[in-house]
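Q: give me a 3D structure for the following:
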Amino acid sequence: MIKLNLPEYSFRIREVDSKTQIFDDFRKKFVALTPEEWVRQNVLRYLITEKKYPQSLISVEAGLKLFKLKKRTDIVVYDNRGKPVLIVECKATDVKISNEVFDQLVRYNMALQVKYMVLTNGLNHYSCVIDYLRQSYVFLPEIPDYLNLK
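A: Numbering: from 1, shown residues only. I've put the predicted structure just below:
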């Protein structure tokens, strides 16, 4: 797989019927190793290892309803009370981070109402904090550590 703009991690990877799979520690099973899944698994490892996010407070591929449509979020992080505080949208490395991609993340957040959003294609990472009172957001220099989520 392609080298990402993240530290290198080791994963359990296997071939089944000439298809490559990676073990997802969150879903406790092997899943197809697509370019997007490669980014998701590396971002998850980064959040836990480098940013100290508790694995028990992270949800992967969780469903949500958006205008009567069923959607799936890549990563949602919760606080100790079970309230979602951060959403991560992962894209394959060949997907350009554009306004349209950012808008998808914003639409998902309409259902979750988190304070922090992260958008990444594994090479470029964008994170922002939302100010609901001012109806605005500010981009952050990096993905915040778990302890800095307020």
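Q: for the residue nearest the centre of the chain, helix, strand, or coil?
A: Among the residues of the chain, the one closest to the centroid is residue 88, at 2.9 Å (C-alpha atoms, centre = their mean). Counting by DSSP: H, G, I helix; E, B strand; the rest coil, the backbone at residue 88 sits in strand.
Q: in contact with the residue nearest to it when sequence neighbours are not counted, which residues?
A: Nearest non-adjacent residue to residue 88, counting by C-beta to C-beta, 6 or more residues apart in numbering: residue 75, 3.8 Å away. Quick note: C-beta positions are derived from backbone N, CA and C, even for glycine. Neighbour list for residue 75: 40, 43, 44, 47, 58, 59, 60, 87, 88, 90, 118 [criterion: C-beta atoms under 8 Å, 6 or more residues apart in numbering].
Q: any weak-confidence spans in the chain?
A: Applying pLDDT under 70 to the chain flags residues 63-69, 71.
Q: show me which residues of stretch 24-36 are buried.
A: 24, 26, 30, 33, 35, 36 (16 or more other C-beta atoms under 10 Å).
Q: the fifth one and residue 20, how far apart?
A: Same thing as residue 35. 11 Å (C-beta to C-beta, to the nearest Å).
Q: same check on the third one?
A: Distance from residue 30 to residue 20, counting by C-beta to C-beta: 10 Å.
Q: got any residues that touch both of the two?
A: Common neighbours of residue 30 and residue 20 (C-beta under 8 Å, 6+ apart) are residue 14.
Q: what about the closest residue to residue 24 other than its chain neighbours, which SS state?
A: Closest residue in space to residue 24, ignoring its immediate chain neighbours: residue 31 at 5.1 Å, by C-beta to C-beta, 6+ apart. Three-state call for residue 31 (three-state DSSP): strand.
Q: quick one: contacts for residue 31?
A: 21, 22, 23, 24, 37.
Q: can you tell me which residues contact the most far-flung residue of the chain relative to its centre?
A: With C-alpha atoms, centre = their mean as the measure, the chain has its most outlying C-alpha, relative to the mean C-alpha position, at residue 17: 28.5 Å. If you count contacts by C-beta under 8 Å, 6+ apart, residue 17 has none.
Q: cool, residue 91 as well?
A: With the criterion set at C-beta under 8 Å, 6+ apart, residue 91 makes contact with 36, 39, 97, 101, 119, 120, 121, 122.
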